[in-house]
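Student: The following comprises the amino acid sequence and a computationally predicted model.
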2 protein chains.
Amino acid sequence: MDLKARLFDVKQGQNEAVLNSAQAREANIALLDRIQLTANGKSVTAIADHSDKFIKYGEIGLFGEAAEKLKLKTGQKVRVEPAERPHSLDAIRKKLDGNILTAAEINGIIDDLMAERLSSAELAAFVSGVYTRGLSSDETVALTKAMYASGGTLKPHAKIVVSEHSIGGVAGDRTAMLLVPIIASLGICIPKTCSRAISSAAGTADVMEAFCPVALDIKQAQRVVDDVNAFIIWGGAVNLAAADDKLIHIRKPLCLDPKALLLTSILAKKKAEGAEYVLLDLPIGLGAKLENLEQARDLAKDFEALGRMLGMRVQCSITDGSEPLLKTIGPNLEARTVLETLRGGGSSELRDKACVMSGIMLAMLRGVSQDEGTRLARQQLQSGKALQKFLEIVKAQGGNPRVAPGDFKLGKYKQSVASAKGGRIGHVDNRAISRACRAAGAPEDKAAGLVLAVLKGDRVNAGEPLLEVYANDKAKLARAAKIAEEIVSVERVVIDVV
Amino acid sequence: MDLKARLFDVKQGQNEAVLNSAQAREANIALLDRIQLTANGKSVTAIADHSDKFIKYGEIGLFGEAAEKLKLKTGQKVRVEPAERPHSLDAIRKKLDGNILTAAEINGIIDDLMAERLSSAELAAFVSGVYTRGLSSDETVALTKAMYASGGTLKPHAKIVVSEHSIGGVAGDRTAMLLVPIIASLGICIPKTCSRAISSAAGTADVMEAFCPVALDIKQAQRVVDDVNAFIIWGGAVNLAAADDKLIHIRKPLCLDPKALLLTSILAKKKAEGAEYVLLDLPIGLGAKLENLEQARDLAKDFEALGRMLGMRVQCSITDGSEPLLKTIGPNLEARTVLETLRGGGSSELRDKACVMSGIMLAMLRGVSQDEGTRLARQQLQSGKALQKFLEIVKAQGGNPRVAPGDFKLGKYKQSVASAKGGRIGHVDNRAISRACRAAGAPEDKAAGLVLAVLKGDRVNAGEPLLEVYANDKAKLARAAKIAEEIVSVERVVIDVV
């Protein structure tokens, strides 16, 4: 049937369309049935909603996503037909039954996912199948290839392209913001897409955004990397391995991180960035994503093997992820420390990690020893060449290259948290830091965050400050300070004397 | 924050609410985040949509389901807060990890499901977990109890309450429409909730609806059963074991029928009907839900065991489900045959199955032999007492007790399908029958359907009719007749002579 379009600028995260209830009943289209909409030579699949009066007989209500894809205007005619059952449902069922999928079946799932032919419930069944049944190495390769084919691809003109990525979980781990300019300042091409915070105080994208725009599309990203041999941008706008972002959305609420999807997710994006050499950081320890060395070594082997099958050389560093890397947490606070560290001051922990990681990468690329690579990296920092490259990147992405540490404002209000007892700092908890900073308004409010006065191993006396919280809102500050009391564990040197 | 409600009568199958994009960004509510809405002393959880202009700053757009639950009027204030992560996500994750859930965890999942705190993706992960990991017998009992506690409960005043149910898949299997009045005419209370067609030509609810209303709510249903000791109504309106209907909706597209959910789904509803004795029909064979006798026997044991743990005596009949039971398929055609059979003519196959099944039930209840029970059932039919009881039920549900077989109209147009060759009928395919009848317009168009001229074992000559299709639309008739060519397989007695 042909219906008259009425458009509503409402985003729902999927294609939905509203039919008049009586007309839907006549056409045998039940609530939540899949329908195919055709207009202007384009077709999309949408989920059917019903309305008794708001949408009249002969009309169809279209929300943001579907209308955009069909390039529709209000009043235009839309052809509406029941959609066929997507074939990939059989493949999803096959995976749930514990069978191995062919590359064609995996491509079918990703094709249907990209064309919005699968509902979020059906995608969740696929993720659950991968989680409970696992993927063979052939399946993993096929899924990774299907994922990087699903989005844009970067084509750096450089001879060698490298990439760095951390699986995350460490507060203040801004290693990439030093490593990228160090490596690029040596004439090596290193595009870097990164994420915004999901549950933490700030993702690399949030911190880089304090310097310059990060939501570049693929054309802009290509221009920047051709120009300055590097970028540090948000992966969400550039649309590399687009299918992966849709699956992450499904996995997030259930915290379902099947190993196979962790592997494919990261390497599909690296492949789409055009990387030939990849350095992955796997932080381990209390509260990190990996509990121990053995888990990290197993995962590293899987990453290396998958990389080899995709034509990339992958090396993994295993680092201590149980404590925050910086004392300053929150978008502006981290931006300030990154800039200070590039200028020669700042955080020695960040400087050390960035130089050692750069050293491992240089050893991979140039056949030098890791120590030699680390020395080379330190030189690039000390000589100011890394800073100069960083400011080039900032400028190329549209930021101000004359930025100074004092430009990054902190929250109007601050509150100190003091130690109830004296002793040695036993643990500084990454997850409590994230919760406190988010309560203070981060990452939306870039000025919110906290400054740790101590790190693990330091000593405090009772009543001395452990940290200071910053916020632009007094109620938020109070809530954040309350949560911040859980961050630092102080161990008495002598627990009791009897 | 408090926002001004704007209502839209759009049904979306879940609670959704639209926030202004800028305001959502300020409040840190991402697209598809869960939010809690409070108004008029009620709270619901909803999924957040975004709008740039359609919904203005300070407003909230609410669709049918959420607005109804909050009893909201346009212009009223609604309190909007980020919703907490539902605890049952941890239990779902635990099931996916292969662990056994406690009764409290299972209750938590069903509570969150009923309160719309779980998205369809999260429910799909639960169903997938049950499918891949299975449920222990304790888990199955807990889930069944949680399901029947999730909806209304019938409280028949009768001393003994019995129930009958088929797991389905057989075209024209209207056994219940004879069995219910046979049993009720003997003074035994037998409430029967049944389903509309999902993929078939007609469900028992669709056929009963040709006689009288079937969408009774629980109060109406209680009144009818108190009045005439029985009813035959649609399960969808009466809201027994409501959680089950929501899970069925998730399972349908993927055809995910984990055995544990088949067990809980059926017995939760029987328990909610107040049944103490349950007879389940398990059809087996080509195209049926169960392939062979062994599968059916295993399932029967599970049903009996679960029934025992719930305080119900469950017996299963295993029947041949590879061929249709009636020659007349489609809502009105089946209604006509049911009435004719109750009047003493009609279908001998339907009469035989209904009397034998009634006999098994009477043997369970009264300690007579099955043969004796079957004889008793035949008497009730032959004496007209079953017909009289059926018409009492029709009248109590609001239909016309003076209905005659000729009152059920058939489609205006008909088309015959002839056999291309002579031979013996080898198979009549239930699934092809369903597809052809739906193409003709059934079950929405009650007059659509088909009449088989032959059943398995009959002989035909080339050119003789195999069946006749009925429809009210010529294009639908043509499509249905084309599909109907696949229904009957004719085997040549002598395949070739050399």
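Tutor: Perfect, thanks for sending it.

Student: need the contact list for the nearest residue to residue A:479 once chain neighbours are set aside.
Tutor: Distance criterion C-beta to C-beta, 6 or more residues apart in numbering or on different chains; nearest residue to residue A:479, sequence neighbours excluded, is residue A:439 at 4.6 Å. In this view, the C-beta of every residue, glycine as well, is placed from N, C-alpha and C. Applying C-beta atoms under 8 Å, 6 or more residues apart in numbering or on different chains, one finds that residue A:439 lies in contact with A:476, A:479, A:480, A:483.

Student: Mind doing that once more with 10 Å?
Tutor: A:448, A:469, A:471, A:475-484 (C-beta atoms under 10 Å, 6 or more residues apart in numbering or on different chains).

Student: now residue A:373
Tutor: A:355-367.

Student: Just give me the closest of these to residue A:13.
Tutor: residue A:357 (36.1 Å; C-beta to C-beta).

Student: Now do the buried residues in the helix or strand harbouring that closest one.
Tutor: Element membership of residue A:357 [criterion: DSSP states H and E] is helix A:348-366. Using 16 or more other C-beta atoms under 10 Å in any protein chain shown as the test for burial, helix A:348-366 gives A:349-351, A:353-365.

Student: Looking at those, spot the one nearest chain B.
Tutor: Closest approach between those and chain B, by C-beta to the nearest C-beta: residue A:350, at 27.4 Å.

Student: ok, that closest one touching residue A:336?
Tutor: No: between residue A:350 and residue A:336 there is no contact under C-beta atoms under 10 Å: 11.9 Å.

Student: can you list the residues of the stretch 51-200 of chain A near chain B?
Tutor: A:51-55, A:61, A:63-64, A:85-86, A:89-90, A:92-93, A:95-98, A:118-129, A:131-133, A:198 (C-beta under 10 Å from any C-beta of the partner chain).

Student: the domain parsing of chain A - what is it?
Tutor: Domain segmentation of chain A under automatic domain parsing yields A:2-82, A:88-134, A:162-396, A:413-491.

Student: Mean pLDDT added to those domains, as TSV?
Tutor: TSV is the format used below for the domains of chain A (pLDDT from 0 to 100):
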stretch	mean pLDDT
domain A:2-82	88
domain A:88-134	94
domain A:162-396	93
domain A:413-491	93
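
Student: residue nearest the centroid of chain A?
Tutor: residue A:195 (2.9 Å; C-alpha atoms, centre = their mean).

Student: and residue A:125, that's in a strand?
Tutor: No: using DSSP: H, G, I helix; E, B strand; the rest coil, the assignment for residue A:125 is helix, not a strand.

Student: Show me what counts as buried in the host helix or strand of residue A:253.
Tutor: Residue A:253 is part of helix A:242-254, with elements assigned from DSSP H and E. If you call a residue buried by 16+ other C-beta under 10 Å, then helix A:242-254 has these buried ones: A:242, A:243, A:244, A:245, A:246, A:247, A:249, A:250, A:251, A:253, A:254.

Student: before we move on, what about stretch A:157-176?
Tutor: A:158, A:161-176.

Student: wait, residue A:446 sits on residue A:197?
Tutor: No: the pair residue A:446 / residue A:197 is not scored as a contact, 11.3 Å apart, by C-beta under 10 Å.

Student: and for these two, which residues touch both?
Tutor: By C-beta under 10 Å, 6+ apart, the residues touching both residue A:446 and residue A:197 are A:206, A:207, A:331.

Student: contacting residues for residue A:325?
Tutor: Taking C-beta under 10 Å, 6+ apart, one finds A:170-175, A:283, A:319, A:334, A:337, A:347, A:349-350, A:352-354, A:430, A:455 in contact with residue A:325.

Student: Go again with 6 Å.
Tutor: A:170, A:172, A:173, A:349 (C-beta atoms under 6 Å, 6 or more residues apart in numbering or on different chains).

Student: if we can go back for a sec, among the buried residues of stretch A:157-176, which are in strands?
Tutor: A:162, A:163, A:164, A:165, A:166 (DSSP state E).

Student: Now do the same contact list for the third one.
Tutor: Just to be clear, that refers to residue A:164. Contacts of residue A:164 by C-beta under 6 Å, 6+ apart are A:176, A:179, A:279.

Student: Please apply the same query to the second one.
Tutor: Listed by C-beta under 6 Å, 6+ apart, the contact set of residue A:163 reads A:270, A:273, A:275, A:278.

Student: Nearest residue to it in space, ignoring adjacent ones along the chain?
Tutor: Going by C-beta to C-beta, 6+ apart, residue A:163 has residue A:275 as its nearest residue, at 3.7 Å.

Student: Burial check on the one you found, number of neighbours?
Tutor: 27 (other C-beta atoms under 10 Å in any protein chain shown).

Student: So which bits of the stretch 301-450 of chain A are right by chain B?
Tutor: residue A:444 (C-beta under 6 Å from any C-beta of the partner chain).

Student: residue of the stretch 301-450 of chain A with the smallest distance to chain B?
Tutor: Closest point on the stretch 301-450 of chain A to chain B, by C-beta to the nearest C-beta, is residue A:444, at 5.2 Å.

Student: how near is the closest residue in space to that residue that isn't next to it in sequence to residue B:206?
Tutor: Computed as C-beta to C-beta, 6+ apart, the closest residue to residue A:444 that is not its neighbour in sequence is residue B:28, at 5.2 Å. Separation of residue B:28 from residue B:206 (C-beta to C-beta, to the nearest Å) stands at 49 Å.

Student: neighbour-wise, which of those two wins?
Tutor: Using other C-beta under 10 Å as the criterion, residue B:28 and residue B:206 rank with residue B:206 on top: 25 against 14.

Student: which residues touch that one?
Tutor: B:196, B:197, B:331, B:443 are the contacts of residue B:206 under C-beta under 6 Å, 6+ apart.

Student: mind running it again at 10 Å?
Tutor: By C-beta under 10 Å, 6+ apart, the neighbours of residue B:206 are B:194-197, B:200, B:214, B:234, B:330-332, B:334-335, B:442-444, B:446.

Student: Tell me if it really is in a helix.
Tutor: Yes: according to three-state DSSP, residue B:206 belongs to a helix.

Student: Filter the residues of the stretch 51-200 of chain A next to chain B down to just the ones in helices.
Tutor: Taking DSSP state H, the ones among these that sit in helices are A:64, A:89-90, A:92-93, A:95-96, A:120-129, A:131-133.

Student: Just the buried residues of those.
Tutor: Buried, going by 16+ other C-beta under 10 Å: A:64, A:89, A:92-93, A:95-96, A:120-129, A:131-133, out of these.

Student: pretty sure residue A:440 contacts residue A:467?
Tutor: No: Residue A:440 is beyond contact range of residue A:467, at 11.5 Å (criterion: C-beta under 10 Å).

Student: Between these two, which contacts overlap?
Tutor: A:329, A:415, A:450, A:481, A:484.

Student: Just put the residues you listed in JSON lines and tack on secondary structure and distance to residue A:227.
Tutor: Listed next are those as JSON lines, based on DSSP: H, G, I helix; E, B strand; the rest coil; distance: C-beta to C-beta, whole Å:
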{"residue": "A:329", "secondary structure": "strand", "distance to residue A:227": "32"}
{"residue": "A:415", "secondary structure": "strand", "distance to residue A:227": "44"}
{"residue": "A:450", "secondary structure": "strand", "distance to residue A:227": "36"}
{"residue": "A:481", "secondary structure": "helix", "distance to residue A:227": "44"}
{"residue": "A:484", "secondary structure": "helix", "distance to residue A:227": "42"}
